[in-house]
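Q: make a model of this:
(one chain, ligands or ions: 2)
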Amino acid sequence: MSQNSARYSKTMVVIHWLTTLLVLGAWLTAEGGREVAQRPPILHFTLGLAVLALVVPRLILRLAGAAPDMTNQRNWLATAAKIGHGLLYLLLIGLPLTGWYAASRMGVPVSFLGIELPALTTAVQGRPGLIADLHENAGTFILILAGLHAVMAIWHQFVLRDGTLQRMSLR
Ligand code: HEM
Ligand code: HEM
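A: Numbering: from 1, shown residues only. Ligands and ions are numbered 1, 2, ... in the order given. You can find the predicted model right below:
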């Protein structure tokens, strides 16, 4: 396969790798159950909300053309990559929002860098419900999907040798 020299803009690259670290951090600091209401995992909230804060400029930049086309690939793998990237974007938005909703449902206040955010729903007694379950499962699913995505990137780089990792690097 030929080299694809088109690359992501520097800002897109920085946001991509920063988001990767934040998602990993959010996953590592996640807690479930009654503990959350008694001792809210502030670091988990902060890292997760930073993911949401970064996905907004990222999508705007993408719409403005900061992501290169997959010009030399028009096969089922390129389609799978597009679906995979779409799903990752969906999770980068959906995860923080469902987490924020789950916290509100538990009556746990959510703040970001010292700014108190409004509750997304009224608090309930007992189990926080379906959205919270969805959040917990999606939180692990994004890690599996990102792992698969990383394996594909490494395969492109070292087996197909098409320079995929260079597209997402600063040099
Ligand atoms: C939580 C972790 C990660 C998330 C959420 C994520 C998400 C994404 C998304 C959404 C894109 C598409 C960007 C766009 O076209 O706008 C992308 C591209 C890319 N990612 Fe990741 N990524 C993660 C981790 C990784 C890791 C660990 C690697 C490498 C080992 C990697 C390598 C790449 C590369 C090379 C591209 C560019 C693909 C292309 O040429 O089109 N990513 N990533
Ligand atoms: C990329 C971002 C995020 C990831 C990967 C993530 C991941 C997770 C995971 C895996 C759990 C389950 C932990 C367990 O059961 O041991 C969890 C729980 C939770 N997360 Fe997140 N989270 C993210 C963002 C957020 C945000 C932004 C908030 C709130 C502002 C939040 C609030 C919560 C709450 C309240 C729970 C407990 C839910 C329950 O016990 O029913 N999360 N998160």
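
Q: do the lowest-mean-pLDDT helix or strand in the chain and ligand 2 meet?
A: Sorting the helices and strands of the chain by mean pLDDT, DSSP states H and E puts helix 35-38 at the bottom, at a mean of 90. Yes: counting by Cβ under 6 Å from any ligand atom, ligand 2 has neighbours in helix 35-38: residue 36. (Glycine included, C-beta is placed from N, CA and C.)

Q: cool, and stretch 112-129?
A: Yes: using Cβ under 6 Å from any ligand atom, stretch 112-129 reaches ligand 2 at residue 128.

Q: grab the longest helix from the chain for me.
A: helix 76-105 (DSSP state H).

Q: that older thread, next, the buried residues of the least confident helix or strand of the chain.
A: By 16 or more other Cβ atoms under 10 Å, the buried positions in helix 35-38 come out as residue 36.

Q: got a list of contacts for the helix or strand following it?
A: Remark: after helix 35-38, the chain's next helix or strand is helix 42-63, criterion DSSP states H and E. Residues outside helix 42-63 that contact it (Cβ atoms under 8 Å, 6 or more residues apart in numbering) are 9, 11-12, 15-16, 18-19, 22-23, 25-26, 29-31, 67, 89, 92-93, 95-97, 99-100, 103, 110-113, 117.

Q: same thing but 6 Å
A: Residues from elsewhere that reach helix 42-63 (Cβ atoms under 6 Å, 6 or more residues apart in numbering): 12, 15, 19, 22, 25-26, 29-30, 92-93, 96, 99, 110, 112.

Q: farthest pair in these?
A: Distances among those were taken as Cβ to Cβ; the most separated pair is 12 and 110, at 27.9 Å.

Q: which one of these two is surrounded by more residues?
A: residue 110 (22 against 18; other Cβ atoms under 10 Å).

Q: so what sits opposite the more buried one in the bridge?
A: Beta bridges link residue 110 to residue 117, judged by DSSP bridges.

Q: tell me the contacts of it?
A: 45, 100, 103, 117.

Q: just the buried ones out of those, please.
A: Taking 16+ other Cβ under 10 Å as the criterion, what is buried in these is 45, 100, 103.

Q: residue 122: which of those residues is nearest?
A: residue 103 (12.6 Å).

Q: contacts only, for the closest one.
A: residue 110.

Q: before we move on, the earlier item: report the buried residues of the longest helix of the chain.
A: 81, 88, 91-92, 94-96, 98-105.

Q: over to stretch 20-28?
A: 22, 23, 25, 26, 27.

Q: format these as TSV; extra columns: pLDDT, secondary structure and distance to ligand 2.
A: Formatted as TSV, those follow (pLDDT from 0 to 100; DSSP: H, G, I helix; E, B strand; the rest coil; distance: Cβ to the nearest ligand atom, whole Å):
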residue	pLDDT	secondary structure	distance to ligand 2
22	98	helix	7
23	98	helix	5
25	98	helix	9
26	98	helix	4
27	98	helix	5
